[in-house]
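**Q** quick one, what's the 3D model for this:
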Amino acid sequence: MIFKTKEFARLAKRTGFSDHDIRAICNEINRGLLGASLGGGLFKKRFARPGAGKRGGYRVLLCTRFEGRIFLLYVFTKSVRANISAQEQVALKKLSQVFVNLAESDLKKLLDLGELISVGDTDE
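**A** Prediction:
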């Protein structure tokens with residue numbers, strides 16, 4: 001299952017990162033193409049923008065424990081910012097620990113509140 005935070009959804013809309021892109025990046029992750037591990041289940045993954053390579057494309061911060069759940073936390077383009085700050089990285093690591101350890105009941109509550117948004121597995 002793929003989930004995006006409300007903040008990720010807002011940033012994705014601003015940068016042009018679509019649900020189709022989300023599914024493509026998650027397919028890469030499921031094939032073992034993880035990107036850079038930042039520790040605590042947090043990863044930074046490069047993803048190419050249309051007409052550009054990965055080098056100048058998107059940077060996606062996500063968390064997973066490879067138990068069928070991937071949580072997308074943050075997205076930005078390399079042209080807008082080079083990287084996240086050390087403080088942001090610490091905060092995202094803490095957030096990733098919360099998400100990867102969520103019980104099903106808590107996950108459902110966050111979905112019901114709109115804090116997490118489920119992304120379908122296919123482009124239907």
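**Q** I'd like to know which elements the helix or strand hosting residue 38 is packed against.
**A** Using DSSP states H and E, residue 38 sits in strand 36-39. With contacts taken as 3 or more CB pairs under 8 Å, 6 or more residues apart in numbering; DSSP states H and E, strand 36-39 sits against strand 42-47, helix 86-100. In this view, the C-beta of every residue, glycine as well, is placed from N, C-alpha and C.
**Q** quick one: the first one to helix 86-100, angle?
**A** Strand 42-47 and helix 86-100 meet at an angle of 100 degrees, taking axes from the mean of the first three to the mean of the last three CA atoms, to 10 degrees as the criterion.
**Q** walk me through which strands strand 42-47 pairs with, and which way each runs.
**A** strand 36-39 (antiparallel), strand 58-64 (antiparallel) (DSSP bridges).
**Q** one step back: what's the most buried one of the helices and strands packed on strand 36-39?
**A** Highest mean neighbour count among the helices and strands packed on strand 36-39 (mean count of other CB atoms under 10 Å): strand 42-47, with a mean of 20.
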